[in-house]
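K.L.:
I'll drop the sequence and a predicted model, then ask my questions.
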Amino acid sequence: MAPAGDPSEPAATDGGLFLGLISGTSADGIDAALVRFEPAARVLFGRTYPLPPDLLEDVLRLSQADAQLSLDDVGRLDTRLGQAFAQAALRALADAGVAAADVTAIGSHGQTLRHDPRGPAPFTQQLGDASVIAETTGITTVADFRRRDVAAGGQGAPLMPAFHAAVLRDPGEDRAVLNLGGIANLSLMPGQGEVRGFDTGPANGLMDAWCLAHLRQPYDRDGAFAARGQVDPALLATLLADPWFALPPPKSTGRDQFQLQWLQAQLDGQSPADVQATLCELSAATVAAALLREMPACRRLLACGGGVHNPELMRRLAARLPGVTVASTASVGIDPDFVEAAGFAWLARETLAGRPGNLPAVTGARGPRVLGAIHRA
């Protein structure tokens, strides 16, 4: 991906600029990325805008698996998130010095509340009313990307492998892209052959929740909390024994499965720092095991997402992958904090062009599908 340039330069023939928005599993803010895709994909501006504290509290509370929700809870949260996403979009445009009229479309992932693609009535639910976004910004908004894939028998996730393949694949090297958000997911991109991808389990989500509960901090800055502790081998083995990790791809998961209740049910008096160290090792171990099992010839792992800024996690990951170069996507010209937001800008572009946005080999869907619903300005 080309380095960032001037967002005010003339629009290209592809229809100009696209704005991607996402609040991931960690719910630590709304990532906004202003992107142009022709002649080469370029992130022109990226910034994260925090959720209002009361909204963040409600998102974290209501996204827990045992949360009791009313229809009023869901409806109000959908509208409030739509308002927050709209304001993030407007702030991004103002900060980038770009007019709304110059943006072809917004691609909004929203905030995942529930994700259960394997149940008897499979579903996935992302909140953040796209009608509110389109009405507030005056920009055509594409959203609800996951449900069509689920309707076609897929997992609805991960959706980023198609984007990763479009902008980060190298025909001369077997490489993978690792997104370290609340949940970790891999995009496997051999130099030749089929692209695959799947979730591997928790990345930052459990560590963030444990850190908030014990340090009253939203995340483990520089991995310092984990570095103070020692990995508990028995606890690690217990966590790894969860049947989800043994499922073959395609598979996906979310905060409603790997959350504090899941962890606390398996604790036996360990110190908080030792638990944090063990959670860090769990993230590294599950990613490494999945990569070595599914793509043993991988030579380069490009990481993105908030976990890239946790040196303890990156150190543990590299230690488990001898012979693999583990690096940030910054090494190939894309800010690791805005890869996913750029991906949803790309998905909006694909939807408007009538092109499929999923990879059936990744999600398990019955075939390629045009994803998302278009909300015209």
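P.N.:
Alright, I've got the coordinates.

K.L.:
Show me the helices in this structure, by range?
P.N.:
53-62, 71-96, 130-137, 147-151, 160-168, 205-215, 224-228, 233-240, 260-264, 272-294, 311-319, 339-352, 360-363 (DSSP state H).

K.L.:
ranking these by burial, who's on top?
P.N.:
helix 339-352 (a mean of 27; mean count of other Cβ atoms under 10 Å). (C-beta placed from N, C-alpha, C; glycine too.)

K.L.:
any idea how far that one is from the chain center?
P.N.:
Its chain's C-alpha centre and that of helix 339-352 lie 13 Å apart, by Cα atoms, centre = their mean, to the nearest Å.

K.L.:
repeat for stretch 160-171
P.N.:
On Cα atoms, centre = their mean, the centre of stretch 160-171 falls 15 Å from the chain's centre.

K.L.:
Show the average pLDDT along the lengthiest strand in the chain.
P.N.:
Identified as the longest strand of the chain according to DSSP state E is strand 103-116. Strand 103-116 shows a mean pLDDT of 94.

K.L.:
go on, stretch 73-92?
P.N.:
For stretch 73-92, the per-residue pLDDT averages 97.

K.L.:
hmm, who's touching it?
P.N.:
19, 21, 23, 30, 32, 34, 45, 47, 49, 51-52, 55, 58-59, 62, 100, 106, 108, 110-111, 113, 127-133, 135-137, 139 (Cβ atoms under 8 Å, 6 or more residues apart in numbering).

K.L.:
low pLDDT regions in the chain?
P.N.:
The model of the chain has pLDDT under 70 over residues 1-15, 25-26, 65.

K.L.:
Where do the domain boundaries of it fall?
P.N.:
17-157+338-375, 160-336 (automatic domain parsing).

K.L.:
correct me, but residue 144 touches residue 373?
P.N.:
Yes: using Cβ atoms under 8 Å, residue 144 is in contact with residue 373, at 4.7 Å.

K.L.:
Spatially, which residue comes closest to residue 331, not counting chain neighbours?
P.N.:
residue 302 (7.1 Å; Cβ to Cβ, 6 or more residues apart in numbering).

K.L.:
The one you found and residue 328 touch, don't they?
P.N.:
Yes: if you go by Cβ under 8 Å, residue 302 and residue 328 touch, sitting 7.2 Å apart.

K.L.:
neighbour-wise, which of these two wins?
P.N.:
residue 302 (26 against 18; other Cβ atoms under 10 Å).

K.L.:
Quick check: bridge partners of that one?
P.N.:
Residue 302 has the following beta-bridge partners by DSSP bridges: residue 177, residue 327.

K.L.:
need the contact list for it.
P.N.:
Contacts of residue 302 (Cβ under 8 Å, 6+ apart): 168, 175-178, 327-329, 331-332.

K.L.:
Okay, it and residue 193: tell me how far apart.
P.N.:
Using Cβ to Cβ, to the nearest Å, one obtains 18 Å as the distance from residue 302 to residue 193.

K.L.:
Repeat that for residue 20.
P.N.:
28 Å.

K.L.:
same check, this time on residue 360
P.N.:
On the measure of Cβ to Cβ, residue 360 and residue 193 end up 15 Å apart.

K.L.:
Residue 267 now?
P.N.:
42 Å.

K.L.:
So for the two, which residue has more residues nearby?
P.N.:
The neighbour count for residue 267 versus residue 193, taken as other Cβ under 10 Å, is higher for residue 267 (12 against 9).

K.L.:
any idea how far residue 106 is from the nearest residue to that one once chain neighbours are set aside?
P.N.:
In space, residue 267 comes closest to residue 275 once its chain neighbours are excluded; the distance is 6.8 Å by Cβ to Cβ, 6+ apart. Distance, residue 275 to residue 106, by Cβ to Cβ: 39 Å.

K.L.:
now residue 303
P.N.:
From residue 303 across to residue 106, the span is 26 Å (Cβ to Cβ).

K.L.:
do residue 20 as well
P.N.:
Counting by Cβ to Cβ, the gap from residue 20 to residue 106 is 8 Å.

K.L.:
Next: residue 118.
P.N.:
For residue 118, the distance to residue 106 equals 30 Å [Cβ to Cβ].

K.L.:
more crowded one of the two?
P.N.:
More crowded of residue 118 and residue 106, by other Cβ under 10 Å: residue 106, with 29 against 12.

K.L.:
tell me the contacts of that one?
P.N.:
Per Cβ under 8 Å, 6+ apart, neighbours of residue 106: 18-21, 89, 133-134, 137, 139-142, 345, 348.

K.L.:
now do residue 199
P.N.:
With Cβ under 8 Å, 6+ apart, residue 199 has these contacts: 157-158, 183-185, 251-253.

K.L.:
Of these, grab the buried ones for PyMOL.
P.N.:
Command for PyMOL that selects the buried part of these, burial taken from 16 or more other Cβ atoms under 10 Å:
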select buried, resi 157+158+183+184+185+251+252+253
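
K.L.:
Between the contacts of residue 199, which sits nearest residue 216?
P.N.:
Among those, residue 183 lies closest to residue 216 (Cβ to Cβ), at 23.4 Å.

K.L.:
my guess is that closest one contacts residue 207, does it?
P.N.:
No: judged on Cβ under 8 Å, residue 183 makes no contact with residue 207 at a distance of 11.9 Å.

K.L.:
Please name whichever of the helices of the chain is nearest to residue 41.
P.N.:
Here helix 160-168 is closest among those (Cβ to Cβ), at 4.7 Å.

K.L.:
How many neighbouring residues does residue 297 have?
P.N.:
By other Cβ under 10 Å, 8 other residues sit near residue 297.

K.L.:
Find the nearest non-adjacent residue to it, please.
P.N.:
Closest to residue 297 by Cβ to Cβ, 6+ apart is residue 174, at 4.7 Å.

K.L.:
May I ask you to confirm that that neighbour is in contact with residue 195?
P.N.:
No: in this structure, residue 174 is not within contact of residue 195 by Cβ under 8 Å, at 11.4 Å.
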